[in-house]
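**Q** Let me see the structure of the following:
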Amino acid sequence: MSELLKIRGFLPFIIVMFINASVDLAHKITIQNVLIKSFDGDALLILSALINAMILLPFIFLFSASGFLNDKFPKTTVIGYSTIIAIGLSALVLISYMQGWFIFAFIMTFMLAVQSAFYSPAKYGLIKRLVGVESLSMANGAIQALTIVAILLSSLVFSFIFELFYIAGISDPSLILTSMIPIGILLVLFSVLEAFFAFKIPFFAAEPTEEKFNISEYLQLKYLRQNLKIVRQNNDIWLSIIGLSVFWGVSQMVLAAFPAHYKAITGDNNAIIIQGILAVSAVGLIIGSMLAGNLSKRHIELGIIPIGALGMFASLFSITVSTNAPSMMLCSLSFGFFGGMAIVPLNSVIQYFSSDGQMGKILAGNNFVQNCVMVIFLALTVVFVSLDFSTTQLFLITAIIAFLGGLYAVKQVPHMFTRLMLFLSSNLAIKLTFKE
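**A** Model (predicted):
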């Protein structure tokens, strides 16, 4: 990490990434906590799935436009203007809290996601320009870890503030929202701070292009077909996108189902505990991401991908037999750890094989496919609930999906997986021998 901090512009860049992750999650966490206090059972699960879907849909609808924008204009410029827009959106969120406009606040999650749809490809597309190819895996590991720290802190801090100002016994979502004005003020302040550091990032010119954006072709889905064709051209990129999509799809089912699952198993609706259990997976992601980054110092270590997938299977299966908060927290930590091990090499592969001229389209395509899969998983969650599936059965389904993903990953990289397993087992054997 110290080597990365010596790179010009990397420090303000990671500060922007940290604040952005915090602001993006804070409002969503607040709305989620309002739902936890106001609804139960199937209603809570379906509304949780809906709020998650609203965050994902802009990445699908704006796939082509965001890819064009991030290839046409300098990514630092896109980041700068996006942070300014975020200040205005945060101000609207604050107003919705002050007025108790729950439906408007609910819709603002969609508007914040629209901003993120343009912002995200610029952020991740800038990493290679900042650190170069040699430090790409290490930078991805560090950024993944830092982002997860932001998610962890945001989940816990804003849930703590929520419980601090929540008036016990109130279940009307509009009344609950009016007591959350301090959270709205913090959102505005963080957005201003994010914009300040965004303009400290070094300027990188965009690759010259004569391409123009045609609205009619966009509406006819011509750009979508062209951009997906670019994504499909490289099989390594495409398989990495599929792997990431499955991971995030499973994660969405977990996020949607867990609040209702926890309330059904324990009878408790404490927002800090529920969000804390979900957020502790972030600690696992940090550890897993950093481990993956260290294993990939000299090259991208693909052999850890199947290990991550099979580990996620074991973690998800364990949740189905957990009956208390500590055991669920351990399962969540394990799920995050193995997920972090899997996603770092997958992200590195996408960035490594993407040319600078097509980076924006490929990363936007990555967002598009991932978010389509996540919305599909959320839709399946609602379908399963309508068919009277229990939350325990939902977790069993996600475990099976992770298991199948692990088997497929082993099939794709059998030699790398075997080599890594032999390396890890031999190292363990040597350490045990010397210990004796």
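**Q** Touching, residue 231 and residue 238? I think so.
**A** Yes. Between residue 231 and residue 238 there is a contact at 6.2 Å, judged by CB atoms under 8 Å. C-beta coordinates here come from the backbone N, C-alpha and C atoms, glycine included.
**Q** what about those two, which has more around it?
**A** Legend: neighbour count by other CB atoms under 10 Å for residue 231 and residue 238, higher for residue 231 (22 against 18).
**Q** what's the distance between the more buried one and residue 83?
**A** 27 Å (CB to CB, to the nearest Å).
**Q** same question, residue 371
**A** Taking CB to CB, one finds residue 371 at 22 Å from residue 83.
**Q** Quick check: next helix or strand after the helix or strand containing residue 374?
**A** Assigned by DSSP states H and E, residue 374 falls within helix 359-386. The element immediately downstream of helix 359-386 (helix or strand, assigned by DSSP H and E) is helix 391-412.
**Q** Can you give the distance of that following helix from its chain's centre?
**A** 19 Å (CA atoms, centre = their mean, to the nearest Å).
**Q** check contacts around the spatially most central residue of the chain.
**A** When CA atoms, centre = their mean is applied to the chain, the residue found nearest the centroid is residue 248 (7.1 Å). Neighbouring residues of residue 248 by CB atoms under 8 Å, 6 or more residues apart in numbering: 370, 373, 374.
**Q** what does residue 160 give?
**A** residue 272.
**Q** Could you check how far the nearest residue in space to residue 198 that is not next to it in sequence is from residue 100?
**A** Excluding its sequence neighbours, the residue lying closest to residue 198 (CB to CB, 6 or more residues apart in numbering) is residue 83, at 4.3 Å. Here the criterion is CB to CB. By it, residue 83 lies 28 Å from residue 100.
**Q** the more surrounded of the two?
**A** Using other CB under 10 Å as the criterion, residue 83 and residue 100 rank with residue 83 on top: 24 against 17.
**Q** quick one: what helix or strand has that one in it?
**A** Element membership for residue 83 (DSSP H and E) is helix 75-99.
**Q** That helix - contacts with which helices or strands?
**A** helix 10-38, helix 102-125, helix 173-178, helix 181-198 (3 or more CB pairs under 8 Å, 6 or more residues apart in numbering; DSSP states H and E).
**Q** The longest one: what's the following helix or strand?
**A** Where DSSP H and E defines the elements, the next helix or strand beyond helix 10-38 is helix 41-61.
**Q** Now that following helix: buried residues?
**A** Under the neighbour-count criterion of 16 or more other CB atoms under 10 Å, helix 41-61 has 44-49, 51-60 buried.
**Q** Among those residues, find me the one that's closest to residue 104.
**A** Of all these, residue 104 sits closest to residue 54, with 12.9 Å by CB to CB.
**Q** residues near the residue lying closest to that closest one once chain neighbours are set aside, how many?
**A** In space, and not counting its chain neighbours, residue 54 is closest to residue 110: 4.5 Å by CB to CB, 6+ apart. Look at residue 110: counted by other CB under 10 Å, it has 15 neighbours.
**Q** next one: residue 311
**A** Look at residue 311: counted by other CB under 10 Å, it has 22 neighbours.
**Q** correct me, but it touches residue 338?
**A** Yes. Residue 311 lies in contact with residue 338 (CB under 8 Å); the separation is 3.0 Å.
**Q** tell me the contacts of residue 182?
**A** Residue 182 makes contact with 161, 165, according to CB under 8 Å, 6+ apart.
**Q** same deal with residue 39?
**A** Applying CB under 8 Å, 6+ apart to residue 39 gives the contacts residue 47.
**Q** Equivalent analysis for residue 276, please.
**A** Per CB under 8 Å, 6+ apart, neighbours of residue 276: 155, 156, 159, 329.
**Q** That one and residue 152: what is the separation?
**A** Residue 276 is 9 Å from residue 152, by CB to CB.
**Q** can you name the two of the contacts of residue 276 that are farthest apart?
**A** Pairwise distances across the contacts of residue 276 peak at 14.4 Å for 159 and 329 (criterion: CB to CB).
**Q** Compare the two (neighbour count), which wins?
**A** Shown here are residue 159 and residue 329; by other CB under 10 Å, residue 159 has more neighbours (25 against 19).
**Q** so what's the more buried one closest to, chain neighbours aside?
**A** residue 275 (4.1 Å).
**Q** Residue 261: which element?
**A** helix 235-266.
**Q** any idea which helix or strand comes after that helix?
**A** Sequence-wise, the next helix or strand downstream of helix 235-266 (DSSP H and E) is helix 271-295.
**Q** Need the contact partners of the next helix-or-strand element following that next one.
**A** Sequence order places helix 304-319 as the next helix or strand after helix 271-295, per DSSP H and E. Contacts to helix 304-319, defined as CB under 8 Å, 6+ apart, come from residues 243, 247, 250, 254, 261, 288, 292, 295, 327-328, 330-332, 334-335, 337-343, 345-346, 395-396, 398-400, 402-403, 405-407, 409-410, 413, 417, 420-421.
**Q** what's the spacing between residue 255 and residue 53?
**A** 11 Å.
**Q** wait, residue 379
**A** 8 Å.
**Q** Same question for residue 191.
**A** To residue 53, residue 191 is 24 Å away according to CB to CB.
**Q** repeat for residue 193
**A** 29 Å.
**Q** Same question for residue 374.
**A** For residue 374, the distance to residue 53 (CB to CB) stands at 8 Å.
**Q** If I follow the layout properly, residue 116 ends up in contact with residue 25?
**A** No. At 10.8 Å, residue 116 does not count as touching residue 25 under the criterion of CB under 8 Å.
**Q** ok, residue 174 touching residue 97?
**A** No. When contacts are counted by CB under 8 Å, residue 174 is not listed as touching residue 97 (10.3 Å).
**Q** more crowded one of these two?
**A** residue 97 (26 against 15).
**Q** Can you tell me how far that one is from residue 311?
**A** Taking CB to CB, one finds residue 97 at 40 Å from residue 311.
**Q** same question, residue 96
**A** Counting by CB to CB - residue 96 and residue 311 are separated by 40 Å.
**Q** again, but for residue 240
**A** 18 Å.
**Q** my read: residue 32 touches residue 49, true?
**A** No. Under the criterion of CB under 8 Å, residue 32 makes no contact with residue 49, lying 11.2 Å away.
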